[in-house]
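1. sequence-free structure coming up:
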């Protein structure tokens, strides 16, 4: 797999994981419980690890100092 395709897969996996974590961790809009981390403006995002389809593990901290774009989209 080319380096460019590998980077694209990492970015897609990060986006999917972040969206899934936000949906799962927050529950209904406006609610929060003791197990969901509190995220604040101008604070670092909580670190997480995911496993790519290739088996490689990637951490959010691996991208420290780089721009991480989250693309939220839906199709009805």
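-> Arrived safely, thanks for sending. Keep in mind that what you see is a predicted model, and the values were worked out from it rather than measured.

2. Give me the nearest residue to residue 61, chain neighbours excluded.
-> Among residues not flanking residue 61 along the chain, residue 47 sits closest, at 4.9 Å (Cβ to Cβ, 6 or more residues apart in numbering). Quick note: C-beta positions are derived from backbone N, CA and C, even for glycine.

3. my read: the one you found touches residue 62, true?
-> No: the pair residue 47 and residue 62 fails to qualify as a contact (Cβ atoms under 8 Å) at a distance of 9.5 Å.

4. Which pLDDT value belongs to the residue nearest to residue 61?
-> On the pLDDT scale, residue 47 is placed at 85.

5. which ones are touching it?
-> 59-61 (Cβ atoms under 8 Å, 6 or more residues apart in numbering).

6. could you measure it against residue 16, distance?
-> From residue 47 over to residue 16 the distance is 17 Å, taken as Cβ to Cβ, to the nearest Å.

7. Which helix or which strand is home to the residue nearest in space to the middle of the chain?
-> Centroid-nearest residue in the chain: residue 18, 2.7 Å away (criterion: Cα atoms, centre = their mean). Here residue 18, judged by DSSP states H and E, is contained in helix 3-26.
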